[in-house]
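[1] What follows is a predicted protein model with its sequence.
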Protein chains: 4
Amino acid sequence: MAGNPIAVIVGVGPGTGAAIARRFATAYPVALLARSPENFEGLVTEINQSGGKALGVSTDVSSETSVKAAFEKIQQEFGKVPIAAAIFNASARPQRKPLLELTVDEFQAGFDVSSKGAFIFSQAVLPGLIEQAERQDAKYPPTLIFTGATASVKANALMSGFTSPKHALRALSLSIAREFAPKGVHVAHAILDGVIDIPLTREWLKDQPAEAKIAPDDIAETYWNLHQQSRRCFTNEIDIRPMLEKW
Amino acid sequence: MAGNPIAVIVGVGPGTGAAIARRFATAYPVALLARSPENFEGLVTEINQSGGKALGVSTDVSSETSVKAAFEKIQQEFGKVPIAAAIFNASARPQRKPLLELTVDEFQAGFDVSSKGAFIFSQAVLPGLIEQAERQDAKYPPTLIFTGATASVKANALMSGFTSPKHALRALSLSIAREFAPKGVHVAHAILDGVIDIPLTREWLKDQPAEAKIAPDDIAETYWNLHQQSRRCFTNEIDIRPMLEKW
Amino acid sequence: MAGNPIAVIVGVGPGTGAAIARRFATAYPVALLARSPENFEGLVTEINQSGGKALGVSTDVSSETSVKAAFEKIQQEFGKVPIAAAIFNASARPQRKPLLELTVDEFQAGFDVSSKGAFIFSQAVLPGLIEQAERQDAKYPPTLIFTGATASVKANALMSGFTSPKHALRALSLSIAREFAPKGVHVAHAILDGVIDIPLTREWLKDQPAEAKIAPDDIAETYWNLHQQSRRCFTNEIDIRPMLEKW
Amino acid sequence: MAGNPIAVIVGVGPGTGAAIARRFATAYPVALLARSPENFEGLVTEINQSGGKALGVSTDVSSETSVKAAFEKIQQEFGKVPIAAAIFNASARPQRKPLLELTVDEFQAGFDVSSKGAFIFSQAVLPGLIEQAERQDAKYPPTLIFTGATASVKANALMSGFTSPKHALRALSLSIAREFAPKGVHVAHAILDGVIDIPLTREWLKDQPAEAKIAPDDIAETYWNLHQQSRRCFTNEIDIRPMLEKW
């Protein structure tokens, strides 16, 4: 492999994913993956017009075929380049529902993204991350970050369809972290424990100050700081809350 | 519903599941579910000949259709009876494998049992457990126990295909525990942290004393003790190790 | 050492400690330790009159001198006998207080019991427990149980003076468990996550059904079941909640 | 209060504490506390000569009197100023020892620093941190960081005298984090899970590459990044390992 390393972000929507994409685009060409093109089109334009370089690829992360096709497009665009950072930010929506009212498909939906999707994405990016780890001129250790949630460590009632896949994702992240750290790949799991301030949550906590929600730009900055950590200081798990969170 | 309550055990093989079945069969008629009839046939005969009552049903716990068919057979045999205890003891085999060598199907295999299977089983037994909880004459609160493993709480390298589903199972158990405790159903997750002394592991730790492995009969006794706990003393998580375990 | 093994319980008051004492007194002569004699006098009489054998010793568990004196009295009474079970049930009272209003002495008070006291008690009982572990005729593996609380695993605001010592106690218990399991001593930490139904809490949750509080007798039964576990099935941590607990 | 805010670091030795001091001294005047003056004298000179401003104060953090005297000296030097960052980096040395060979004093020694000392230090700095939180011109939310270790979350055998106080410290940190976040103070607990590359450990892991130890400068950078987090993105717990750590 040769050429400048890229960053790959999956789960790019109008909130956290976009903020992460903007942050990493200041340092690397970025490939932005999301199911629906409308989730990345404006952002791709924005980054490309502001001096960065972005490619959007419509991808179903739970489909190995779709992910393989996406990485072929990435290679066509950027060449066979190493990967400096890969961010798994995809997620099914949380849904509160009594266990006996869930269908099997509803229960399983979260796993398509958080277990199968995270696994397929990891397999797709790890060779490029390892390649970057072996390069003498890599500025920072290549980094693979998984976005988690409160449900990653707390299994509340009525949340089985969300908390089970999130626990699975956390385990995947920690297992990969242990396997690939000796190869120089830095893997981290971030527990976002609170409401993130994105369009979807605009109506939530409206009577509260801004400090009741997590700011996507600040998540992005924290992810960037994780990426900057040296081989002698890897963080594998971190939690994030807004100042006013009850926990 | 009327009639004597039963116990239902899924994941009945020649080891832990059989021991649990024998223990609960001293108090209840038992329905024993396993994929392969050879896993329960001898046991069913043994229990029926020694004064208990057992029904074996060949079941693929990851298939809603198969589980529904199994519970129809159970109802034909025992009538529409409440459930005093339900034990989820099914599991995929642990497999050590580098992440990049796993296929998507191999990674997902554990989820069929530990997430989808556990969910389908829970939905199948909870109505009968709730029914038992509402009966004045229930001797003990109805109990739903999930068998976990070291991998339920520790995500080791090379174990992603085992530890991810086990974390998911643990989350499911804790979420169900929180939802159904107020209805009187006692849900517990058991972390079996060590090698269990079953035919499959006969050759393992051969140079070690017997106390290096967990005894299936003793697991069964502990599960029985969990079942006996009152409504004013529910254990929702317990760990189990042999005396010589390093942890 | 010779003679019948005894059980030693520290932190015997009108609630959990008394229930544990009664349960273990059905199998062993019991030594009951508490700071104030009024906490054990009635209970000692009750056990001795109902066919058991009990000795009460006024003890300050945070004082090595006091604990040594107590074990001398125990030896005078029962002889130099092994210890089948030792229960550490002592605790400072939880106190909600803003951090900046706590005095150093108030903050430290809990440590006198939960760290220093638990350590002194452990050192006092472990030789007798090991002795019992080495006896061929021991019915059950000797057991050392520590009573913990919600605060053992959750560090809430305003609770620093309670949660810090309880976390310390849990660590002590788990460290001792790992060190002494290979010697045959079974060590367990119980997380009592809820209000216990004792005289002190009589006015709490008065509008709730009985199932909102943990029953001391049922804790005692669970501790007894832990004691009965075999060397091939040690539980090192268990949680306990009433059916109606929110967690 | 008026004037420029300062940073206060306790537990300044030739390793992590010094690195943290250097990092925070690039932004703030620093007060450096350690028991022995030789631990900070060279560092104070170095910082003052390189354009920063540092004051060293010989302090026994486990003594309220000593800490009060230290903060009076700090006020004499810097005026009654707010505190932008406070780092608790003090620790007793880990010691492997069988439980039955520890004296009560040895067992308690770690608590003097990690429970009593951390509590006294927290009470000393929190008013100044709150003052800073209320200032309109504060660049970053004031931050209180506690240095933890593997033993903060894992209670190994033979380590009771180290792991118990470290668990206590973690609980104190998390409790303070919950209480003071709504006031704008950012509290974080760092789990340093590995050998830190300091003079004390020079002979350890000598046959291993540099990536087998955590680099103090990189810890300092991570602490600085925690300090920079906004009110809408507080990290309360983070782990840190070298690339080659087994965990």
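    Sure, I can see it. Residues are numbered from 1 along each chain as shown, chains lettered A, B, ... in the order given.
[2] helix or strand right after the longest helix along chain A?
    For chain A, the helix reaching the highest residue count under DSSP state H is reported as helix A:160-180. Downstream of helix A:160-180, the first helix or strand assigned by DSSP states H and E is strand A:186-192.
[3] can you tell me if that following strand touches chain B.
    No. With C-beta under 8 Å from any C-beta of the partner chain as the criterion, chain B is not reached by strand A:186-192; the gap is at least 9.7 Å. To be clear about C-beta, it is placed using only N, CA and C from the backbone, and glycine gets the same treatment.
[4] Now do that strand, average pLDDT.
    Taken as a whole, strand A:186-192 has a mean pLDDT of 98.
[5] Near chain D, which residues of chain A? Just list them.
    Residues of chain A lying near chain D (C-beta under 8 Å from any C-beta): A:141, A:178, A:181-182, A:184, A:186, A:197, A:210-211, A:213-215, A:218-219, A:221-222, A:225, A:228-245, A:247.
[6] list the contacts for the residue in chain A sticking out farthest from the centre?
    Note on chain A: the largest C-alpha distance from the chain mean falls to A:Leu100, namely 31.1 Å (C-alpha atoms, centre = their mean). Contact analysis of A:Leu100 by C-beta atoms under 8 Å, 6 or more residues apart in numbering or on different chains lists B:Gln123, B:Leu126, B:Pro127.
[7] Just the pLDDT at the nearest residue to A:Ala25 once chain neighbours are set aside, thanks.
    Using C-beta to C-beta, 6 or more residues apart in numbering or on different chains and skipping residues adjacent in sequence, the residue nearest A:Ala25 is A:Gly52, 4.0 Å away. With respect to pLDDT, A:Gly52 scores 97.
[8] got the contact list for A:Gly52?
    Contacts of A:Gly52 by C-beta under 8 Å, 6+ apart are A:Ala25, A:Thr26, A:Pro29, A:Val30.
[9] Measure how buried the second one is and give me the count.
    In other words, A:Thr26. 12 (other C-beta atoms under 10 Å in any protein chain shown).
[10] Can you read off the pLDDT for it?
    The predicted local confidence for A:Thr26 is 98.
[11] how about it, what does it touch?
    A:Thr26 neighbours (C-beta under 8 Å, 6+ apart): A:Gly52.
[12] Any quick PyMOL command for the buried ones out of the residues of chain A next to chain D?
    A single PyMOL command selects the buried members of the residues of chain A next to chain D (16 or more other C-beta atoms under 10 Å in any protein chain shown):
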select buried, chain A and resi 141+178+181+184+186+197+211+213+214+215+218+219+221+222+225+228+229+230+231+232+233+234+235+236+237+238+239+240+241+242+243+244+245+247
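[13] Strands - which of the residues of chain A next to chain D land there?
    Mapping these onto strands (DSSP state E) picks out A:His186, A:Glu237, A:Ile238, A:Asp239, A:Ile240.
[14] who does the third one bridge with?
    In other words, A:Ile238. A:Ala190, D:Ile238 (DSSP bridges).
[15] hang on, isn't it packed against A:Ala190?
    Yes. Assessed by C-beta atoms under 8 Å, A:Ile238 is found in contact with A:Ala190 at 5.3 Å.
[16] and for those two, which residues touch both?
    Shared contacts of A:Ile238 and A:Ala190, counting by C-beta under 8 Å, 6+ apart, come down to A:Thr222, A:Leu226.
[17] Return the members of the contacts of A:Leu100 classed as buried.
    B:Gln123, B:Leu126.
[18] which one among the contacts of A:Leu100 gets closest to B:Gly79?
    B:Pro127 (14.6 Å; C-beta to C-beta).
[19] nearest residue to that closest one other than its sequence neighbours?
    A:Leu100 (7.4 Å).
[20] Equivalent analysis for A:Pro216, please.
    Nearest non-adjacent residue to A:Pro216 (C-beta to C-beta, 6+ apart): A:Ala19, at 3.7 Å.
[21] next structured bit after the host helix or strand of that neighbour?
    Following DSSP H and E, one finds A:Ala19 within helix A:16-25. Towards the C-terminus, the helix or strand next in line after helix A:16-25, according to DSSP H and E, is strand A:30-34.
[22] Please tell me how far that following strand is from the chain's geometric centre.
    10 Å (C-alpha atoms, centre = their mean, to the nearest Å).
[23] Then stretch A:213-221?
    That offset, for stretch A:213-221, works out to 13 Å (C-alpha atoms, centre = their mean).
[24] what does that stretch rub up against?
    A:15-16, A:18-20, A:22-24, A:190, A:192, A:194-198, A:201, A:204-205, A:240-242, D:228-230, D:232-233.
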